[in-house]
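K.L.:
With the sequence up front, the predicted model follows.
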Amino acid sequence: MKCVLYKIAMFCFRRHALLIFFHLLCLLCLNEANAQTEMQFSGCADVPKITCPGSAGHTGNIEAMAAYRKQWVGFDGSPSTTVLAIDGEVKFLRNFHGVGAMVIHDKIGAFTTTYLDANYSYHLELSKGFLGLGLRLGAINAAFNTSDLSTTVDGMDDDYHQESDELLQSGEDGGTVFDVGFGAFYETKLSYVSFSLLHLTAPTIETKSYAKLKNKPLLTLGAARKIGEKGNVEFDPKFFFKTDFTSWQLEFGADAVFRKKICIGLGYRLQDAVFLQFAVDMSNGVTFGYSYDISIGNFGGHSGGSHEIMIGYKFNLDIEKRTKRYKSVRIL
């Protein structure tokens with residue numbers, strides 16, 4: 001069985017890599033980049049567990065992570081996102097599996113969206129790397145808090161909103177829907193590639209006020225590779241792409257890792273921002289990361305940028321491990 005899966009995986013990665021690249025190039029050339037889709041995180045290329053269920057438990061450690069992002073500082077109602085995640089590897093029926101859970105809370109103005117997800121990944125040890133085939137099951141809750149709205153503008157009455165409006169008096173409107181996605185994660189000693197397709201069924205939330213909120217399918221691709229190591233410094237270029245098939249977003253950059261402990265990164269999100277990253281991997285299992293986005297799009301010069309903080313903790317359990325282990329090329 002593993003031999004068959006190995007051949008399938010190698011066929012997909014080797015034979016179709018050029019075709020995938022060509023399709024991405026067509027998307028970039030024929031379509032115009034648009035605003036962000038779903039929540040935004042500059043660390044998605046560094047922490048694939050946020051978008052790819054296939055990466056669950058891939059390091060063999062128990063890993064917990066907390067992250068917070070405040071976007072476009074200085075704007076009222078600007079997006080803020082909180083992520084809590086934990087995953088690890090277990091052995092069951094002679095095979096290794098990754099399991100994990102994640103909560104994402106995203107707020108933009110009066111709208112809040114909460115994702116509750118369980119991730120599963122089936123692990124395959126290949127001759128040159130590791131492959132995780134993953135499934136994500138969860139729920140999406142969307143809410144619209146009318147108490148965050150105002151019926152006046154600069155002290156004057158708003159002709160479009162009245163306090164007697166039934167919707168404004170309802171307090172909160174929203175709903176919950178089931179969600180499913182899948183992903184694949186392939187990693188070697190020098191590189192990784194991730195793919196995921198989230199919100200596979202395009203779940204639609206019907207609110208109490210009969211509004212319909214549709215979650216479009218989201219495709220993501222990520223990759224990173226070590227291109228050279230000089231002394232105690234290594235260089236890791238990376239890229240991350242996502243699209244909901246209406247709009248798309250591309251970011252790319254590179255990290256310089258010193259003594260496998262300290263990471264300094266620089267990246268660019270097309271038509272949106274330049275981001276600077278810093279991370280340190282401490283000897284006690286704690287990892288700290290910080291990212292700062294400098295807006296260059298429509299918000300350039302009008303906001304205080306975007307700030308992102310990530311804290312992780314990893315540890316080993318005294319259980320049977322895979323014989324091979326592939327050190328992540330990411331540090332965040």
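P.N.:
Alright, I've got the coordinates.
K.L.:
And for residue 270, nearest residue in space, chain neighbours not counted?
P.N.:
residue 250 (4.7 Å; Cβ to Cβ, 6 or more residues apart in numbering). (C-beta placed from N, C-alpha, C; glycine too.)
K.L.:
list the buried ones in the helix or strand encompassing the one you found?
P.N.:
In the assignment (DSSP states H and E), residue 250 maps to strand 248-258. In terms of neighbour count (16 or more other Cβ atoms under 10 Å), strand 248-258 has its buried residues at 248-251, 253, 255, 257.
K.L.:
other SSEs contacting it?
P.N.:
Where contact means 3 or more Cβ pairs under 8 Å, 6 or more residues apart in numbering; DSSP states H and E, strand 248-258 is packed against helix 17-30, strand 233-243, strand 262-269, strand 273-281.
K.L.:
Residue 229 in helix, strand or coil?
P.N.:
Three-state assignment for residue 229 (DSSP: H, G, I helix; E, B strand; the rest coil): strand.
K.L.:
Contacts only, for it.
P.N.:
residue 235 (Cβ atoms under 8 Å, 6 or more residues apart in numbering).
K.L.:
Distance of it relative to residue 307?
P.N.:
Plainly put, residue 229 is 31 Å away from residue 307 if you go by Cβ to Cβ, to the nearest Å.
K.L.:
lowest-confidence helix or strand of this structure?
P.N.:
helix 17-30 (a mean of 41; mean pLDDT, DSSP states H and E).
K.L.:
Which SSE is immediately downstream of it?
P.N.:
Past helix 17-30, the next helix or strand by DSSP H and E is strand 62-70.
K.L.:
average model confidence for the helix or strand following that next one?
P.N.:
Downstream of strand 62-70, the next assigned helix or strand under DSSP H and E is strand 80-92. Strand 80-92 comes out with an average pLDDT of 93.
K.L.:
Okay, now the unreliable bits of this structure?
P.N.:
Applying pLDDT under 70 to the chain flags the ranges 1-38, 146-171, 210, 297-302, 318-332.
K.L.:
ok, 80 please
P.N.:
1-39, 43-45, 127, 145-173, 207-211, 228-231, 283, 297-304, 317-332 (pLDDT under 80).
K.L.:
end-to-end on stretch 252-266?
P.N.:
9 Å (Cα to Cα, to the nearest Å).
K.L.:
Just the residues contacting stretch 82-95, thanks.
P.N.:
41, 49-50, 56-68, 96-106, 119, 122-123, 317, 319-322.
K.L.:
ok, back up a step: how about the buried residues of strand 248-258 in TSV, adding distance to residue 207?
P.N.:
Formatted as TSV, those follow (distance: Cβ to Cβ, whole Å):
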residue	distance to residue 207
248	28
249	27
250	33
251	33
253	39
255	42
257	46
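K.L.:
Can you tell me which of those is closest to residue 191?
P.N.:
residue 255 (13.2 Å; Cβ to Cβ).
K.L.:
Show the contacting residues for the closest one.
P.N.:
By Cβ under 8 Å, 6+ apart, the neighbours of residue 255 are 46, 235-236, 238, 263-265, 277, 330-331.
K.L.:
Most neighbours out of the residues you listed, which is it?
P.N.:
residue 46 (28 neighbours; other Cβ atoms under 10 Å).
K.L.:
May I ask you to confirm that that one is in contact with residue 240?
P.N.:
No - look at residue 46 against residue 240 with Cβ atoms under 8 Å: they stay out of range, at 9.0 Å.
K.L.:
Quickly list what the closest residue to residue 117 other than its chain neighbours is bridged to.
P.N.:
Closest residue in space to residue 117, ignoring its immediate chain neighbours: residue 138 at 3.5 Å, by Cβ to Cβ, 6+ apart. Applying DSSP bridges to residue 138 gives these bridge partners: residue 117, residue 179.
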